[in-house]
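starting from these lines, generate the structure:
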Amino acid sequence: MPIVTTTEMFKKAYDNGYAIGAFNVNNMEIIQGITEAHKEENAPLILQVSAGARKYAKHNYLIKLVEAAIIETDLPIALHLDHGADFDICKSCIDGGFSSVMIDGSHFPFDENIALTKKVVDYAHSKGVVVEGELGQLAGIEDDVNVEKHSYTDPAQVQEFVEKTGVDSLAIAIGTSHGAYKFKPGQKPELKFDILEEVSERLPGFPIVLHGASSVIPEFVEKVNKYGGSMPDAIGIPEDMLRQAAKGAVCKINIDSDLRLAMTAAIREHMSLNPSDFDPRLYLGPARQAIKEMVQRKIVNVLGCSGKA
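Below you'll find the model as predicted:
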């Protein structure tokens, strides 16, 4: 089975009230943990790569790891560029075997965002690749993305944006944010479901994407802090809110920080309890297992896509 696009995935997800997880990958153990969980749950999957991950792990290594995962799992897997900053990186990924790319022009004025996004769409579609655009900006830090303040999506703009660009899916800003510090202590987590509802009314049947949607699972934060880390006041998006979004127009939910937390917590715990270990397999094995278990929890409790592959 080859790497697939998200077109059929999103149609099924929209029609049946679930979302597909888009999990950021950086190395073999992360890919193995994610894909093993999806194989056991028989769930569709998007593996996504940021510019930082591509720089760290190298394009060809990532492509071959994803191809290996398809052989091992026999699952439909889409390979997606997360937060493509310009046409050149999108083109490189399209030419290099990715089935989906995101062009993030959200920091540009509306007309410039349309022009850049359309340029990427025109090239991608000529190669059979799908494109995700973005309207509105999420606060927070993730790799090369650093935004200080939220800029919520204006529902009045979405129809024009989609029609003029031809994008296949749209990331919107409704209160999620990048990184592990999404809310301050004492602050009530809140997503703007009224924006999501109006967007879905203006774009019936169109797949919506949520970025910055990690839950920052407390047990991992506690473990990191217990075993020598320092992550005070790390707070994420409540899982019940994400499940509510997945039942509507949201077909793709991006998850990155929770993967980092699961892996880091497991490694910190192992090295603290086994200080003489120096074989990487001894601590990367538990880290891979922690990722697998966390991802299975997401598939069942948040995404609702178990058994949907």
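
can you give me the strands in the stretch 201-309 of the chain?
208-210, 250-255 (DSSP state E, counting those that start in this stretch).

ranking those strands by burial, who's on top?
Of the strands of the stretch 201-309 of the chain, the one with the most neighbours on average (mean count of other C-beta atoms under 10 Å) is strand 250-255, at a mean of 26. Using the backbone N, CA and C atoms, a C-beta is placed for each residue, glycine as well.

quick one: low-confidence parts of the stretch 51-200 of the chain?
The model of the stretch 51-200 of the chain has pLDDT under 70 over residues 138-150, 177-188.

follow-up on the earlier one: which one of the strands of the stretch 201-309 of the chain lies nearest to residue 20?
strand 250-255 (5.6 Å; C-beta to C-beta).

neighbouring contacts of the closest one?
6, 9-10, 13-14, 19-24, 46, 48, 82, 132, 169, 196, 207-214, 242, 245-246, 298, 302-303 (C-beta atoms under 8 Å, 6 or more residues apart in numbering).

pull up the pairing partners for that strand, direction included.
Applying DSSP bridges to the sheet, strand 250-255 is found paired with strand 20-24 (parallel), strand 208-210 (parallel).

how distant is that strand from the center of its chain?
Offset of strand 250-255 from its chain centre (C-alpha atoms, centre = their mean, to the nearest Å): 6 Å.

what do you get for stretch 101-108?
Distance, centroid of stretch 101-108 to centroid of chain: 15 Å (C-alpha atoms, centre = their mean).

cool, and stretch 302-309?
Taking C-alpha atoms, centre = their mean, one finds stretch 302-309 lying 15 Å from the centre of the chain it belongs to.

which residue ranges form the helices in the stretch 51-200 of the chain?
Per DSSP state H, counting those that start in this stretch, the stretch 51-200 of the chain carries helices over the ranges 51-57, 59-73, 87-95, 110-126, 155-165, 193-202.

would you turn the strands of the stretch 201-309 of the chain into CSV with mean pLDDT and distance to residue 230?
As requested, the strands of the stretch 201-309 of the chain are exported to CSV (pLDDT from 0 to 100; distance: least, C-beta to C-beta, whole Å):
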stretch, mean pLDDT, distance to residue 230
strand 208-210, 95, 28
strand 250-255, 96, 23
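
may I see the ones you listed organised as JSON lines, with distance to residue 37 added?
Output for these, formatted as JSON lines (distance: least, C-beta to C-beta, whole Å):
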{"stretch": "strand 208-210", "distance to residue 37": "20"}
{"stretch": "strand 250-255", "distance to residue 37": "12"}
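
residue 65: which of those is closest?
strand 250-255 (18.1 Å).

then that closest one to PDB, C-alphas only?
What follows is strand 250-255, C-alpha atoms only, in PDB (Å, rounded to 0.1, in the frame of the first residue of the first chain):
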ATOM      1  CA  VAL A 250     -13.100  18.900  12.600                       C
ATOM      2  CA  CYS A 251     -11.600  16.000  10.600                       C
ATOM      3  CA  LYS A 252      -7.900  16.400  11.600                       C
ATOM      4  CA  ILE A 253      -6.500  17.000  15.100                       C
ATOM      5  CA  ASN A 254      -2.800  17.800  15.400                       C
ATOM      6  CA  ILE A 255      -0.900  16.200  18.300                       C
END
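
okay, the angle between it and helix 193-202?
Interaxial angle, strand 250-255 versus helix 193-202 (axes from the mean of the first three to the mean of the last three C-alpha atoms, to 10 degrees): 140 degrees.

buried residues, the lengthiest helix in the chain. List them.
Criterion DSSP state H: the longest helix present in the chain is helix 280-298. By neighbour count on 16 or more other C-beta atoms under 10 Å, the buried set for helix 280-298 is 283-284, 286-292, 294-298.

now those residues as JSON lines including distance to residue 269 and pLDDT?
Converted to JSON lines, the buried residues of helix 280-298 look like this (distance: C-beta to C-beta, whole Å; pLDDT from 0 to 100):
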{"residue": "283", "distance to residue 269": "9", "pLDDT": "97"}
{"residue": "284", "distance to residue 269": "13", "pLDDT": "98"}
{"residue": "286", "distance to residue 269": "8", "pLDDT": "98"}
{"residue": "287", "distance to residue 269": "10", "pLDDT": "98"}
{"residue": "288", "distance to residue 269": "14", "pLDDT": "98"}
{"residue": "289", "distance to residue 269": "12", "pLDDT": "98"}
{"residue": "290", "distance to residue 269": "9", "pLDDT": "97"}
{"residue": "291", "distance to residue 269": "14", "pLDDT": "98"}
{"residue": "292", "distance to residue 269": "16", "pLDDT": "98"}
{"residue": "294", "distance to residue 269": "14", "pLDDT": "96"}
{"residue": "295", "distance to residue 269": "18", "pLDDT": "97"}
{"residue": "296", "distance to residue 269": "19", "pLDDT": "97"}
{"residue": "297", "distance to residue 269": "18", "pLDDT": "94"}
{"residue": "298", "distance to residue 269": "21", "pLDDT": "95"}
